[in-house]
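**Student:** My questions are about this predicted structure, shown below with the sequence.
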Amino acid sequence: MTVLRIAVVYPDLLGTYGDGGNGLVLFRRAERRGIAVELIQATSDAALPAVDLYTLGGGEDGPQVLATERLGEAGTLAEAVANGAVVLAVCAGYQIVGARFPAADGAPVDGLGLLDAITEKSQGRRPVGEIVVESELEGVGMLTGFENHGGLTTLGPSASPLGRVCIGIGNGDGTDGACSGRVVGTYLHGPVLARNPALADLLLSWATGRALAPLDDHRELDLHRERLEASLGRRGRRRG
């Protein structure tokens, strides 16, 4: 690999919650290590490029369906995953790379099938607020983020949860997200990689195929610690 290529997928459709920042975090962390890297804003009016690492973000119901249709028609993302590309998909993006999710009227929409995950509309209170997840990915540890979604997601046998929910709702069964191969889905906004540098570095190591040199992450870790302590503190106050 001469240049690591990262694409933010359809920021014009999947840019509601600032998840495009995940691509920038990955770009900066690669750049700080001296890795030759390119960040592409892959808008929906052009062919999706073949890159090493894709990020998909949150979006509203209509744009989510449109993004799914265009990605399915092109087939580029599925082909790239088959060839070893890494994917981080957040919220609407997570549902898109799953097997099925509901449209605004509740009608089922076929996803891309990159994750064995089916999403249905939540019949209760919309999950909104801080979320803390104990990740099952090696070396990642506790994840913090913010969730805002109307779906509950069930995983099939070929997908594993990203982690166990300590605070929040996530998938709705005590877990959040899904992982299969090099595809990771989650309901964590934040952007999630700005809050959780260990997850960003895991994705970069997958994409580059090598161990990464450490960085001075004192500011990033201070943010992670502050968000974690704030969330755990709120839980303690509610119980008190």
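**Tutor:** Perfect, I can see it now.

**Student:** give me the low-pLDDT residue ranges for the protein?
**Tutor:** Scanning the chain for pLDDT under 70 picks out 234-240.

**Student:** Grab the longest helix from it for me.
**Tutor:** In the chain, taking DSSP state H as the definition, the longest helix is helix 218-239.

**Student:** other SSEs contacting it?
**Tutor:** strand 128-135, strand 142-148, strand 163-167, helix 192-195, helix 197-208 (3 or more Cβ pairs under 8 Å, 6 or more residues apart in numbering; DSSP states H and E). Heads up, the C-betas are built off the backbone N, CA and C, glycines and all.

**Student:** Of all these, which one comes closest to F101?
**Tutor:** Go through these one by one with Cβ to Cβ and the one that ends up closest to F101 is strand 142-148, at 15.5 Å.

**Student:** Check which element follows the closest one along the chain.
**Tutor:** Elements were assigned by DSSP states H and E; along the chain past strand 142-148, the next helix or strand is strand 151-155.

**Student:** Direction included, what does that following strand pair up with?
**Tutor:** Strand 151-155 sits in its sheet next to strand 117-121 (antiparallel), going by DSSP bridges.

**Student:** Any idea how far the partner strand is from the middle of the chain?
**Tutor:** 16 Å (Cα atoms, centre = their mean, to the nearest Å).

**Student:** buried sites along that strand?
**Tutor:** In terms of neighbour count (16 or more other Cβ atoms under 10 Å), strand 117-121 has its buried residues at A117, I118, T119, E120.

**Student:** The nearest residue to the first one once chain neighbours are set aside: what's it in contact with?
**Tutor:** Going back to what we said before, that points to A117. Spatial nearest neighbour of A117, chain neighbours left out: G98 (3.6 Å); criterion: Cβ to Cβ, 6 or more residues apart in numbering. Shown in contact with G98 (Cβ atoms under 8 Å, 6 or more residues apart in numbering): G111, L112, G113, L114, L115, D116, A117, I118, T119, T153, A178, G185.

**Student:** Check A89 too.
**Tutor:** For A89, the contact set (Cβ under 8 Å, 6+ apart) comprises T55, L56, I96, V97, L114, L115, V183, V184, G185, T186.

**Student:** How about V109?
**Tutor:** V109 neighbours (Cβ under 8 Å, 6+ apart): V65, T68, R100, F101, P102, A103.

**Student:** who's the residue nearest to the third one when sequence neighbours are not counted bridged to?
**Tutor:** What that stands for is R100. Residue nearest to R100 in three dimensions, not counting chain neighbours: I118, with 4.8 Å by Cβ to Cβ, 6+ apart. Per DSSP bridges, the residues bridged to I118 are R100, T154.
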